[in-house]
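In: pasted the sequence and its predicted model underneath.
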Amino acid sequence: MNRNRMLIGLGVALVVAFLLSNYVYRKFQEASSVKPAATDQIVVAAKPLALGTRLDASMVKTISWPLGQPVAGMCRHTQDCMNRALITTVAENEPILESKLAPAAAGAGLAATIPQGMRAMSVAVNDVVGVAGFVTPGTMVDVLVTGTVVGSSGGSITRTILENVRVLAAGQKVQQDEQGKPQTVPVITLLVAPEDAARLAMASTQGKIQLALRNTVDTSTAAPEPVLQSALFASSAPAVVAPVKHVAVAKAAPAAPASYQVEIITGNKRETKNFTEQ
């Protein structure tokens with residue numbers, strides 16, 4: 001009896017094991033039969049690339065990209081971006097997008113990085129004007145100019161003529177130092193609008209310019225008031241009041257007491273007496 005029960009239990013276990021193994025086998029079959037997702041190609045940088053670099057076949061490569069997740073402006077073939085310059089820095093394996101490329105006829109170098117409608121204007125600087133070398137490519141500055149007020153007799157004025165201007169190059173460098181070290185250069189190149197280029201040229205030739213370094217994320221416009229030399233260096237000390245001189249005034253002599261006469265008649269005798277008013 002016990003032997004029969006054992007045989008029945010063993011049979012049930014074998015059947016359950018068979019069913020489980022069959023289920024697992026079918027699941028593996030289904031998983032192996034799933035087709036891979038459809039992919040496309042996208043062009044990426046094969047190595048870190050600097051701003052202004054003209055691309056060639058050794059600088060880019062293609063990688064697989066999900067077909068249903070396109071990126072606006074992406075290049076699918078290396079031929080799409082050959083001989084075009086970068087207008088921004090690109091990291092390794094970063095997609096090469098149309099928005100990061102200059103037009104095919106724009107050439108390479110600094111000229112290719114100037115957006116349409118803008119101008120690159122260079123100004124001579126010294127260590128003070130260049131904020132001790134910390135005005136480097138990519139930083140933002142305000143431009144101040146100090147000059148003589150027209151029609152005045154030597155009075156000067158300082159005003160802010162440009163705000164939030166991007167530095168394109170420091171000297172001949174268009175890339176920041178990787179360690180952020182200051183760079184002492186004789187010339188700074190700024191990215192300005194055409195009308196601002198004319199103002200900057202006038203300021204640099206007729207006055208003295210000064211650059212004010214600002215935070216790159218601070219895009220606000222302050223529009224500070226001009227500062228006049230006469231107002232800045234005016235004396236603010238209170239006016240001195242001259243002491244009042246006390247002049248001795250001679251006192252008038254007291255008036256003499258009034259006097260009068262009284263005639264006294266006694267019988268046939270007349271007598272005159274003098275009296276003084278007390």
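Out: Arrived safely, thanks for sending.
In: which residues touch the closest residue to residue 86 other than its chain neighbours?
Out: Leaving aside its sequence neighbours, residue 86 sits nearest to residue 53 (CB to CB, 6 or more residues apart in numbering; 5.0 Å). For the C-beta atoms, the positions are set from N, CA and C on the backbone; glycine is no exception. For residue 53, the contacting residues are 59, 85-86, 108, by CB atoms under 8 Å, 6 or more residues apart in numbering.
In: equivalent analysis for residue 146, please.
Out: Residue 146 neighbours (CB under 8 Å, 6+ apart): 156-158, 207-210.
In: for residue 144, same thing?
Out: When contacts are counted by CB under 8 Å, 6+ apart, residue 144 is found next to 158-161, 209-212.
In: what helix or strand is it on?
Out: strand 140-148 (DSSP states H and E).
In: for that strand, which strands pair with it and how are they oriented?
Out: The partner list of strand 140-148 in its sheet, established with DSSP bridges, is strand 156-170 (antiparallel), strand 208-214 (antiparallel).
In: I'd like the ones you listed laid out as a markdown table, including distance to residue 26.
Out: Formatted as a markdown table, the strands paired with strand 140-148 follow (distance: least, CB to CB, whole Å):
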| stretch | distance to residue 26 |
| --- | --- |
| strand 156-170 | 63 |
| strand 208-214 | 67 |
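In: go through the ones you listed and pick out the most buried.
Out: Among those, ranked by average contacts under mean count of other CB atoms under 10 Å, first place goes to strand 156-170 (a mean of 19).
In: could the contacts of residue 146 be laid out in CSV, adding distance to residue 140?
Out: Below are the contacts of residue 146 laid out as CSV (distance: CB to CB, whole Å):
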residue, distance to residue 140
156, 27
157, 24
158, 20
207, 22
208, 21
209, 16
210, 15
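In: for those, which one is nearest residue 13?
Out: Of all these, the one with the least separation from residue 13 (CB to CB) is residue 210, at 91.3 Å.
In: so what pLDDT did that closest one get?
Out: For residue 210, the model assigns a pLDDT of 91.
In: right, I'll leave it there.
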